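Trainee: I would like to see how this sequence folds:
(2 chains)
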Protein chains: 2
Amino acid sequence: MADYIESLQRLSEQFGRLPGVGRKSAMRMAFAVLELTDEQAQEFCDAIADAKARIHLCPNCQNLTDRELCPVCADLSRDTSVICVVEDARDVLSMEKVREYRGVYHVLHGVISPMNGITPDKIKLRELIERVGREDVREIIVATNPTVEGEATAMYIAKLVKPLGVKVTRLAYGMPVGGDIEYADEVTIYRALEGRRDF
Amino acid sequence: MADYIESLQRLSEQFGRLPGVGRKSAMRMAFAVLELTDEQAQEFCDAIADAKARIHLCPNCQNLTDRELCPVCADLSRDTSVICVVEDARDVLSMEKVREYRGVYHVLHGVISPMNGITPDKIKLRELIERVGREDVREIIVATNPTVEGEATAMYIAKLVKPLGVKVTRLAYGMPVGGDIEYADEVTIYRALEGRRDF
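Mentor: Prediction:
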């Protein structure tokens, strides 16, 4: 029946393209839009157009920003000699939540994945190497996701950067805090064992 | 940090207002919009504006439509002497999926809920009564949700419509198909017992 209401169907398809939105949720969102006032719907459209128009990559670290530099690069109190390399801009948000890290970031916008046609030149690796050559970098912390592609990308970065005399580190593997050993997978337990530390 | 990227924050707030979308999902959707091409983002905006502009209530049954009449009312093969009364337009979609019902609908756009200030005049009840007076209606199937408000609304409709000589029925209560008696609540089991039928 909804297929008969073409404009509703089209709107729900738009929502359905967003990550984590199934067909039922998409339809529910489309119905919710119909219940918005005209002003609210306009605001929604403006927010989409505005975000698309204003947000670009920070020329320094490739993070998203609507200013000249991203908030981290613009913050002069950050330690620019330590660069944390992450897969995408959302990872910067997660790292920043910790409030412990005072270095800067580099956003790759992807990981090397030859199976999906993502070769090293398709992600922001060249920009990272240029940055290491240009700035006085002491350490690169590779914080790609602990997946096969994330690992491979981390190794690739280490190989490229180490010859430049920069220390390359990787986030620690182990048991997630609050996790349950009973439910942890073998690889995680193995890595936690391997990385065990003295009290 | 995302708060620094104002336009991203604003977009994610818009998504966060949709039903079933938490803060994290909203941010994920906002990021997804940034990855759309300009044309795709424009399409999204157009779909919102279009749906808002075109979709209105069917003058007959109050269902949503972008034509003159809704698809059900426009379908001359439907039995207009049976009206199924539902809470909102999504319920029409669910009923239509069954492909068994050949009557027409009436969408209330809400249920009576004095606690929330929704009195009978705030939902499309007057339109239902007018319709019963105008058309040759044989039966009204009340398919409001099995909640306290849905029940009260069903009783209210029965009281209004029965004196007009129209049969009023209610959807059966009982065990959902594929459900598990072990996990069913007492009221459902009680209703299932009460409504038991001969083989």
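
Trainee: From B:Asp88, how far out is the residue sitting nearest the centre point of chain A?
Mentor: Closest residue to the average C-alpha location of chain A: A:Asp88 at 2.2 Å, with CA atoms, centre = their mean. Applying CB to CB, to the nearest Å, the value for A:Asp88 to B:Asp88 is 38 Å. Where you see a C-beta, it was placed from the backbone N, CA and C, and this is true even at glycine.

Trainee: Kindly report the same for A:Val187.
Mentor: Applying CB to CB to A:Val187 and B:Asp88 gives a distance of 48 Å.

Trainee: element containing A:Val104, please.
Mentor: Assessed by DSSP states H and E, A:Val104 sits inside strand A:103-107.

Trainee: is that strand anywhere near chain B?
Mentor: No. Strand A:103-107 does not reach chain B (CB under 8 Å from any CB of the partner chain); its nearest approach is 9.8 Å.

Trainee: thinking in terms of the whole chain, how far from its middle is that strand?
Mentor: 11 Å (CA atoms, centre = their mean, to the nearest Å).

Trainee: for the next helix or strand after it, packing partners?
Mentor: Using DSSP H and E, the helix or strand that follows strand A:103-107 in sequence is helix A:125-134. Judged by 3 or more CB pairs under 8 Å, 6 or more residues apart in numbering or on different chains; DSSP states H and E, the packing partners of helix A:125-134 are strand A:79-86, strand A:103-107, helix A:148-161.

Trainee: right, so the ones you listed: which one is the most enclosed?
Mentor: Comparing the helices and strands packed on helix A:125-134 by mean neighbour count (mean count of other CB atoms under 10 Å in any protein chain shown), strand A:103-107 ranks first with a mean of 24.

Trainee: Identify the residues contacting it?
Mentor: A:57, A:60-64, A:72-73, A:78-89, A:91-92, A:95, A:124, A:127-128, A:131, A:139, A:141 (CB atoms under 8 Å, 6 or more residues apart in numbering or on different chains).

Trainee: Please identify the helix or strand for A:Ala172.
Mentor: Applying DSSP H and E, one finds A:Ala172 in no helix or strand.

Trainee: Run a quick neighbour tally on it.
Mentor: Applying other CB atoms under 10 Å in any protein chain shown, we find 9 residues neighbouring A:Ala172.

Trainee: From what I see, it and A:Gly195 are in contact.
Mentor: Yes. Using CB atoms under 8 Å, A:Ala172 is in contact with A:Gly195, at 5.9 Å.

Trainee: Residue ranges of each domain in chain A, please.
Mentor: Domain assignment for chain A, taken from automatic domain parsing, gives A:2-54, A:69-198.

Trainee: still on that earlier bit, model confidence for the residue nearest to the centre of chain A, exactly?
Mentor: We note a pLDDT of 91 for A:Asp88 in this prediction.

Trainee: surely it meets A:Gly110?
Mentor: Yes. Using CB under 8 Å, A:Asp88 makes contact with A:Gly110 at a distance of 7.3 Å.

Trainee: Determine the longest helix present in chain A.
Mentor: As assigned by DSSP state H, the longest helix anywhere in chain A is helix A:38-54.
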